[in-house]
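Colleague: have a look; sequence and predicted model below, questions after that.
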Amino acid sequence: MDIETLHRMVAGDAALRRRQRLQPVGGQGDKIFPPTYPGEGRNPPPRHVYERRRLNGRDVWCVLVDSVQSQANRLEECLLQAIGEGLPIPHVVVDFSDAGLDGLTRITSLDAPHRVYDAILRDSLLDGTPFMASADGMRLSKASAEDASALLELSPTALLFGAWHSTGEGGGLGAKFARCLVSEIVGVDVPMEEYVTNPRTGEVDIRTAGRRTGSRIDPLGVLRKVEVFKGGDGWSTTEDGAGKKAKKVRPSEINHGNIAPSIQPLGVTCDHAEHGFVLSFAALRRLRFGGPDRDAAGRALLAALGLVALAEQDARGYALRSRCDLVCDGRTPLERVTPDGAAEPVTLDRVTAQALYRAAFDAAQAAGLSLRAEPLRLTPQDKLVEIVRRSQDLALSGEGGDDDAAGDHGAGS
């Protein structure tokens with residue numbers, strides 16, 4: 001594929017797609033662990049997300065292995081690594097290196113949950129001016145599908161993966177861009193257990209046939225009947241020693257003692273996993289950048305960027321989380337989908353994808369788009385640094401907490 005071919009596909013075809021079969025790195029049938037989500041009710045156990053899908057003429061139980069939002073985050077991570085290796089992808093960086101915060105040096109528009117419209121960028125400064133009040137920030141605030149030049153020039157990944165200026169003017173009615181790239185991984189044909197939990201409504205609770213076990217043996221042999229108190233001064237074997245608001249707790253609550261063996265309905269086996277990827281040219285054609293030549297160049301740049309993200313993920317692998325490491329089961333080519341639904345194979349590798357992107361980058365600049373080869377650098381406002389510092393201090397003192405904490409969602413935008 002070359003840049004002229006890409007231009008023709010973006011202008012006239014429906015999409016590029018791929019359905020790549022994956023298997024656990026341990027071999028077919030090995031157990032994998034999809035993300036967990038909180039259940040309903042009080043103190044619900046974690047659970048996976050299941051659904052029936054119609055495949056090859058039959059209804060098949062599937063499990064969500066990596067959501068669209070999580071995949072977007074992983075593809076952005078791949079693009080960040082490509083930037084580190086010299087690929088010129090415009091983005092915004094908030095530089096925390098002078099803030100003196102432990103373990104935090106920078107956040108980019110590819111890291112931030114709401115991308116270029118995230119509060120982290122909003123609460124930072126560009127040359128001493130609050131970012132969204134700067135000339136670049138105002139352009140981002142005014143961006144729309146009719147003229148998305150600002151996002152293309154400053155952070156094109158926001159157009160590719162979707163973004164919403166939810167804190168903009170009009171009570172959250174600010175700039176909003178639907179994703180043009182959808183990527184998702186599901187496990188196919190999962191052994192399931194079904195049982196009815198509500199006889200009145202007939203609602204069915206679904207469980208995997210897999211099980212996850214857990215336990216811990218304390219090498220110190222601390223028994224659960226030992227009295228322990230936890231308070232403002234930490235923990236102690238006496239109530240006075242634990243300080244203010246001391247209360248009696250089990251040794252396990254201060255991370256000592258044995259943890260009794262437990263069994264949870266988690267983990268799955270499946271016939272295979274499937275990575276679905278769709279880059280919609282129809283969605284790209286809704287975006288405009290200031291004239292026919294600029295429109296064509298900007299859309300081709302976004303398409304090439306999506307192909308780089310896919311090729312980089314293929315090259316870097318599918319180690320999604322603990323005990324969920326997948327590999328390709330053969331190689332499935334991309335397919336060019338025409339408006340009538342016909343499909344033709346398209347060959348693409350990592351080297352070709354990067355060369356295609358560089359050609360698209362040069363063509364977009366030649367068409368008059370001001371793409372930044374270097375990141376736009378911001379500095380955090382003092383109040384942003386302070387809220388992070390206070391959070392770190394609370395975490396180190398053991399007094400922090402997150403009432404809105406959730407399970408292992410693989411969440412993102």
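Modeller: Cool, the structure landed. Numbers count the residues shown, from 1 in each chain.
Colleague: where does Ala11 land on pLDDT?
Modeller: The confidence metric pLDDT takes the value 97 at Ala11.
Colleague: next, count neighbours for it.
Modeller: Look at Ala11: counted by other Cβ atoms under 10 Å, it has 14 neighbours. Quick note: C-beta positions are derived from backbone N, CA and C, even for glycine.
Colleague: how near is it to Val65?
Modeller: Ala11 sits 34 Å away from Val65, going by Cβ to Cβ, to the nearest Å.
Colleague: one more: Lys248?
Modeller: Counting by Cβ to Cβ - Lys248 and Val65 are separated by 42 Å.
Colleague: who has more neighbours, these two?
Modeller: Shown here are Lys248 and Val65; by other Cβ under 10 Å, Val65 has more neighbours (30 against 11).
Colleague: can you tell me the closest non-neighbouring residue to the residue of the chain positioned farthest from its centre?
Modeller: Distance from the C-alpha centroid of the chain peaks at Asp240, with 46.3 Å (Cα atoms, centre = their mean). Using Cβ to Cβ, 6 or more residues apart in numbering and skipping residues adjacent in sequence, the residue nearest Asp240 is Ala246, 7.6 Å away.
Colleague: so that neighbour sits right up against Gly231, yeah?
Modeller: Yes - in this structure, Ala246 is within contact of Gly231 by Cβ atoms under 8 Å, at 3.2 Å.
Colleague: pull up the overlap in contacts between those two.
Modeller: Common contact partners of Ala246 and Gly231 (Cβ atoms under 8 Å, 6 or more residues apart in numbering): Glu239.
Colleague: so which bits of stretch 314-327 are buried?
Modeller: For stretch 314-327, the buried set under the neighbour-count rule, 16 or more other Cβ atoms under 10 Å, comprises 314, 318, 320-321, 324, 326.
Colleague: that stretch: end-to-end distance?
Modeller: 9 Å (Cα to Cα, to the nearest Å).
Colleague: distance of Leu181 relative to Ala148?
Modeller: Distance from Leu181 to Ala148, by Cβ to Cβ: 15 Å.
Colleague: and for Arg336?
Modeller: Following Cβ to Cβ, the distance that separates Arg336 from Ala148 is 24 Å.
Colleague: which of these two has more residues huddled nearby?
Modeller: Using other Cβ under 10 Å as the criterion, Arg336 and Ala148 rank with Ala148 on top: 24 against 20.
Colleague: that one touches Lys176, doesn't it?
Modeller: No - the pair Ala148 / Lys176 is not scored as a contact, 11.2 Å apart, by Cβ under 8 Å.
Colleague: related to what we said a few turns ago, spell out the secondary structure type for the residue farthest from the centre of the chain.
Modeller: coil (DSSP: H, G, I helix; E, B strand; the rest coil).
Colleague: now the helix or strand hosting Val278: buried residues?
Modeller: Per DSSP states H and E, Val278 falls inside strand 272-280. Across strand 272-280, burial judged by 16+ other Cβ under 10 Å covers 272-275, 277-280.
Colleague: contacts for that strand, please.
Modeller: 14-24, 28, 32, 65, 180-189, 303, 306-307, 310, 318, 326, 329, 334.
Colleague: I'd like the buried residues of strand 272-280 laid out as a markdown table, including pLDDT and distance to Leu110.
Modeller: Below are the buried residues of strand 272-280 laid out as a markdown table (pLDDT from 0 to 100; distance: Cβ to Cβ, whole Å):
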| residue | pLDDT | distance to Leu110 |
| --- | --- | --- |
| His272 | 95 | 30 |
| Ala273 | 96 | 25 |
| Glu274 | 97 | 26 |
| His275 | 97 | 21 |
| Phe277 | 98 | 19 |
| Val278 | 98 | 21 |
| Leu279 | 98 | 18 |
| Ser280 | 98 | 21 |
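Colleague: need the max-distance pair from those.
Modeller: Greatest spacing in these, by Cβ to Cβ: His272 and Ser280 (25.2 Å).
Colleague: which of the buried residues of stretch 314-327 fall in helices?
Modeller: Asp314 (DSSP state H).
Colleague: quick check: strands, which of the buried residues of stretch 314-327 are part of them?
Modeller: Among the buried residues of stretch 314-327, the subset assigned to strands under DSSP state E consists of 318, 320-321, 324, 326.
Colleague: where along the stretch 101-250 of the chain do the helices fall?
Modeller: 119-122, 135-142, 149-154, 157-161, 169-172 (DSSP state H, counting those that start in this stretch).
Colleague: including distance to Gly84, mean neighbour count and mean pLDDT, could these go into CSV?
Modeller: As requested, these are exported to CSV (distance: least, Cβ to Cβ, whole Å; neighbours: other Cβ atoms under 10 Å; pLDDT from 0 to 100):
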stretch, distance to Gly84, mean neighbour count, mean pLDDT
helix 119-122, 20, 20, 94
helix 135-142, 23, 17, 94
helix 149-154, 19, 24, 97
helix 157-161, 15, 29, 97
helix 169-172, 34, 9, 50
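Colleague: poorly predicted segments of the stretch 301-413 of the chain, please.
Modeller: Along the stretch 301-413 of the chain, segments meeting pLDDT under 70 span 397-413.
Colleague: kindly recompute the last result at 50.
Modeller: Filtered on pLDDT under 50, the stretch 301-413 of the chain yields the residue ranges 403-412.
Colleague: what mean pLDDT does stretch 284-292 have?
Modeller: Rounded mean pLDDT across stretch 284-292 is 97.
Colleague: what comes up buried for it?
Modeller: Here stretch 284-292 shows 284, 287-290 as buried, counting by 16+ other Cβ under 10 Å.
Colleague: same deal with stretch 354-374?
Modeller: Buried-residue list, stretch 354-374, by 16+ other Cβ under 10 Å: 354-361, 363-365, 367, 369, 371.
Colleague: check these and tell me the two furthest apart.
Modeller: Gln354 and Ala367 (20.4 Å).
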